[in-house]
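J.: need the 3D shape of this:
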Amino acid sequence: MIPVNRHRIWQLVADAGLIALAWWLAFELRFDHGVPRYYDTLFRRTILIVVAIKLVVFVLFRFYDRWWRYVSIRDMWSAVRGVTAASLIAGLTVYFFSPVAQVRLPRSVAIMDWLLLLAFVTGTRLLARSVIERPGIGLVARGKEVLVVGAGDAGQLVIREMQRNRQLGYTPIGLIDDDPRKKNLRIHGVRVLGTTEELGHFLRDNRPDEVLLAMPSASGELRQRIVNVTREGNVPVKTLPGLYELIAGESDLATQIRPVQVEDVLGREPVEVDLESTAAYVKGETVLVTGAGGSIGSELCRQIARVGPQRLILVDQGETALFEIERELVDERGFAASIPVLADCKSRTKMHQIFDRYQPGVVFHAAAYKHVPLMEANPLESVRNNALATRVMAEVAVELGTKRFVLVSTDKAVNPKTVMGQSKALCEWIVEAYGAREDVATRFVAVRFGNVLGSSGSVIPIFRRQIAKGGPVTVTHPEMTRYFMTIPEAASLVVQAGSIGGRGDVFVLDMGEPVQILELAMQMIRLSGKDPEHDIDIQIVGTRPGEKLHEELWGEGETAVPTAHPKIMRVSGPTVDAVWLQDELAELERLVHEGETLVAVSRLATMMRAPRLAGAQKDAVSEQTLS
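T.: Below is the predicted model of the structure:
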């Protein structure tokens with residue numbers, strides 16, 4: 001039995017009245033000159049029975065599990081089925097168990113009762129919704145007047161929510177869409193005024209309080225154009241989140257309305273990945289993710305959990321971050337097969353215990369130190385936590401029969417100038433070396449990409465904090481550029497690359513066009529409502545040691561070739577000699593253990609400058625050099 005509350009009680013009382021009214025009208029309409037006495041007696045003796053039977057059926061058909069104001073087409077069909085079943089049961093009961101001797105219920109009365117009750121039940125619910133959601137056509141709008149950009153599905157849902165939920169404090173006064181064929185159409189009573197090209201004209205003629213961008217799949221270029229127009233008109237602009245946020249967030253779109261952020265206007269086209277097909281290799285498997293509490297690691301966990309692994313082993317040495325992602329997966333996403341393990345990837349003993357206990361079939365190794373200045377100040381930890389920990393993970397994975405090993409790498413591993421980049425280049429070499437071994441069944445893959453928007457240490461959160469304090473915003477060099485990608489995009493493509501990789505392949509993600517950091521800073525200042533020329537200063541502070549003006553996605557001697565996925569390329573180039581690499585890693589481990597910082601840094605730089613290549617490739621390179 002459903003719980004009793006106030007709105008269900010009044011719905012039930014209203015339906016009882018409708019049932020009684022339909023039953024009475026059916027008798028009255030059946031007889032032109034008044035209801036005969038014996039049928040009147042039948043009516044009076046059966047009305048309470050009919051009301052009781054039909055209300056019970058209505059309850060069984062879950063009529064009172066939802067508010068009338070939220071009734072949908074699906075609910076209407078459910079109402080048709082419920083009314084039909086209720087009328088049939090009540091009619092047969094009265095017909096075969098008549099309380100008046102020798103008097104049977106006329107079949108025409110039963111039919112008219114069914115038609116009348118069907119009209120009453122569906123009509124009252126539609127009327128209730130129409131009254132509650134009626135367009136704001138009064139002289140005074142409720143709250144802020146909003147011009148909605150986007151007359152698609154998202155725009156329709158937002159307008160409907162604004163109209164029926166007065167607490168939002170929004171009144172939609174018009175729609176704008178980039179499709180000229182929609183002009184003058186009405187959506188929930190709100191007219192499509194014109195195209196996005198005419199937005200500036202509408203802002204001047206009928207200035208709204210806000211503009212809402214309701215186009216989750218819109219390109220960054222279109223978002224940027226709309227933001228520029230609204231800024232010129234001095235009208236605040238808000239947006240719905242992008243596709244990935246929308247999928248992962250609440251079902252109520254109106255609650256996700258937020259100010260436009262720089263991530264929305266960087267110009268990147270959304271990357272679409274069919275996880276159900278591309279991540280089939282993790283379905284039903286035990287999957288282990290290192291660095292599970294980090295930016296990329298946590299998003300990998302969210303996306304992998306959607307595919308349906310047998311269980312998800314979350315490994316991180318940060319207690320708070322690990323606790324938060326485990327609670328999110330279990331409480332918010334309903335993935336109970338999440339096992340948090342507080343552990344350090346550098347510990348061979350601990351990793352062996354974890355692998356031996358859970359037997360992971362797929363490993364995503366995302367744990368790494370990545371803050372370049374911090375790693376320059378602590379080079380031994382960069383080598384220990386990035387390169388040596390990756391070797392430990394790879395060795396244990398091979399020893400205990402892991403099927404796939406996917407390394408999350410970085411564009412800083414390309415022609416590396418910093419200790420952090422050099423240590424990540426070693427990680428890629430480890431993956432390539434193990435992947436090339438014929439005696440190893442584990443499939444090794446490395447995935448290389450640039451900056452991810454909003455991740456820990458990314459320039460965007462740093463700029464945001466500086467702007468919030470009133471400046472100055474610090475930029476290292478006016479010509480500096482970087483590649484950017486959203487965290488969900490990067491994670492989904494990492495999972496995709498894991499499905500197409502094999503023997504030590506290194507993949508690079510298509511990062512789009514590089515973004516000038518100075519322009520990014522100015523854009524963020526403008527989006528905060530400030531002027532970079534008058535309100536907040538931008539200071540050029542100079543490049544840091546080892547920092548490159550322009551990041552690269554593949555290095556000297558490497559070539560990128562397409563794969564089956566348009567946003568993923570395979571990098572091919574010379575691979576290092578596995579025996580030499582093993583000896584060098586052993587020596588680095590000794591130097592790190594003994595705290596020989598300068599010697600370790602020098603050794604690392606020497607390895608990067610003159611790596612020993614695998615036999616056949618070394619000969620080929622030598623011949624090419626001689627020729």
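
J.: so Ile536 sits in a helix?
T.: No: under DSSP: H, G, I helix; E, B strand; the rest coil, Ile536 sits outside any helix and is assigned coil.

J.: that one touches Thr474, doesn't it?
T.: No: using Cβ atoms under 8 Å as the test, Ile536 is too far from Thr474 to be in contact (11.4 Å). Where you see a C-beta, it was placed from the backbone N, CA and C, and this is true even at glycine.

J.: more neighbours: which of the two?
T.: Ile536 (21 against 16; other Cβ atoms under 10 Å).

J.: secondary structure class for the nearest residue to that one once chain neighbours are set aside?
T.: The spatially closest residue to Ile536, leaving aside those adjacent along the chain, is Gly471, at 3.8 Å (Cβ to Cβ, 6 or more residues apart in numbering). Secondary structure, three-state DSSP: Gly471 is coil.

J.: from His534, how far off is Gly471?
T.: 11 Å (Cβ to Cβ, to the nearest Å).

J.: who has more neighbours, these two?
T.: Set Gly471 next to His534 and count neighbours by other Cβ under 10 Å: Gly471 wins out with 16 against 7.

J.: tell me the contacts of that one?
T.: 535-538 (Cβ atoms under 8 Å, 6 or more residues apart in numbering).

J.: quick check, pLDDT for it.
T.: pLDDT for Gly471: 79.

J.: measure it to Lys530 for me?
T.: To Lys530, Gly471 is 8 Å away according to Cβ to Cβ.

J.: low-confidence ranges in the stretch 351-500 of the chain?
T.: 453-457 (pLDDT under 70).

J.: tell me the helices in it, going along the chain?
T.: 372-377, 379-382, 389-399, 419-436, 459-468, 487-500 (DSSP state H, counting those that start in this stretch).

J.: just give the closest residue to Pro340, not the sequence neighbours.
T.: The shortest distance from Pro340 to any non-neighbouring residue, by Cβ to Cβ, 6+ apart, is to Glu326 (4.1 Å).

J.: circling back: wait, which of the helices of the stretch 351-500 of the chain is closest to Pro340?
T.: Minimum separation from Pro340 across the helices of the stretch 351-500 of the chain (Cβ to Cβ) falls at helix 389-399, 17.8 Å.

J.: before we move on, the earlier item: nearest to Asp178, of the helices of the stretch 351-500 of the chain?
T.: Closest among those, using Cβ to Cβ: helix 487-500, at 23.3 Å.

J.: what's the most buried one of the helices of the stretch 351-500 of the chain?
T.: helix 419-436 (a mean of 25; mean count of other Cβ atoms under 10 Å).

J.: what helices or strands is that helix leaning on?
T.: helix 372-377, helix 379-382, helix 389-399, strand 404-408, strand 443-448, strand 503-509, helix 578-594, helix 597-609 (3 or more Cβ pairs under 8 Å, 6 or more residues apart in numbering; DSSP states H and E).

J.: to Ile173, which of those lies closest?
T.: Closest among the helices and strands packed on helix 419-436, using Cβ to Cβ: strand 503-509, at 41.9 Å.

J.: quick one: the very next helix or strand once past that closest one to chain centroid distance?
T.: Moving toward the C-terminus from strand 503-509, the next helix or strand (DSSP states H and E) is strand 515-516. How far strand 515-516 lies from its chain's middle: 25 Å, per Cα atoms, centre = their mean, to the nearest Å.

J.: what pairs with strand 515-516, and is each one parallel or antiparallel?
T.: Strand pairing for strand 515-516, determined by DSSP bridges: strand 481-482 (antiparallel).

J.: what's the spacing between the closest residue to Phe63 other than its chain neighbours and Val475?
T.: Among residues not flanking Phe63 along the chain, Gly82 sits closest, at 6.0 Å (Cβ to Cβ, 6+ apart). Distance from Gly82 to Val475, counting by Cβ to Cβ: 65 Å.

J.: doesn't Ala154 make contact with Met215?
T.: Yes: contact criterion Cβ under 8 Å: Met215 and Ala154 qualify, at 6.8 Å.
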